[in-house]
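Enquirer: Got a sequence here, can you model it:
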Amino acid sequence: MTRESPVIMHTLQPNVPQFLFDNALIAHQGRLTRRWLPATVFPEPVVKPDKPWERVLGYLSVLAHPEDGYRMYYWKFDPRRFGTNARGSQSMVCLATSRDGFHWEKPNLGLVEWEGSRENNILIASEWHCDGHSGVLETIPLTWPGGELLLNADARDGFDRHPLPHQFGGQIEIEVLGTDGQPLPDWSGDNRSIWRGNTHCRMHKDIGALVTWPRDRKLDTLRGQAIRLRFCLKHARLFTFAAQASMGGVRAEV
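Expert: You can find the predicted model right below:
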């Protein structure tokens, strides 16, 4: 029998399975072998695009939940959103719930409006378009929690470019909009932020790089206000953005 690291107190949540994929819950073990058995693939998809706002589904994650059994967060996009002559789409993150993992329901969340109605299971929606030279992503209205904006992004022309400042051939322009989608004068146009950098490399271990604004303005001044963020990408990739409160406060990441 072998003994491992000292036992750490773990609080069990009711009705939540405790898996033995690793040694997190094992104080010691002996003469046992962890075996990984092949999965049995269900013959039919358990979630299908059967709602009007669902055209193409993909990139899903399933998490165990103490109330619903399982929650599935899946991504969908509608290439028709900007019309047949436009290059663009609307992407959304939707929610489905299940007790057993085989039978799934799509609850009406009432969070995001789609074609005049909020009776849907959409959690987050964003839109982007491309004119052949740049791409634009605009968020839904967000209540800014305070602090500054952080980007996890890559403004190199390609992933094979060297991640030094003088090697960046692209950029991301950031503007702040009102909830009606109109640019705020103090945070758009000539007052927009232009970001160049790369956090997608071994040298950068934080969640993102700080976005700075002309005249050293601080996004923290919009604390508590409902805003939209617009990102214009030119030869760049945007992975995540985050609101990092000052003085080690709460951090929100998307």
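
Enquirer: Quote the end-to-end distance of stretch 219-239.
Expert: By CA to CA, to the nearest Å, the extent of stretch 219-239 from end to end equals 20 Å.

Enquirer: starting at the chain centroid, how far to that stretch?
Expert: 14 Å (CA atoms, centre = their mean, to the nearest Å).

Enquirer: buried ones in that stretch?
Expert: Buried residues in stretch 219-239, counted by 16 or more other CB atoms under 10 Å: 219-220, 222, 227-233, 235-238. C-betas here are computed from N, CA, C, even on glycine.

Enquirer: same question, stretch 110-121
Expert: Within stretch 110-121, the residues scored as buried using 16+ other CB under 10 Å are 112, 114, 120-121.

Enquirer: Looking at those residues, which two lie furthest apart in space?
Expert: Using CB to CB, the buried residues of stretch 110-121 reach their maximum pairwise distance at Trp114 and Asn121, which is 10.1 Å.

Enquirer: residue ranges with poor pLDDT in the stretch 1-150 of the chain?
Expert: Applying pLDDT under 70 to the stretch 1-150 of the chain flags residues 1-10, 14-17, 59, 77-90, 126-134.

Enquirer: thinking again about what came up before, closest to Ile172 out of the buried residues of stretch 110-121?
Expert: Set against Ile172, the nearest of the buried residues of stretch 110-121 by CB to CB is Val112 (24.6 Å).

Enquirer: And the closest one, how far from Lys76?
Expert: Noted for Val112: a distance of 12 Å to Lys76, by CB to CB, to the nearest Å.
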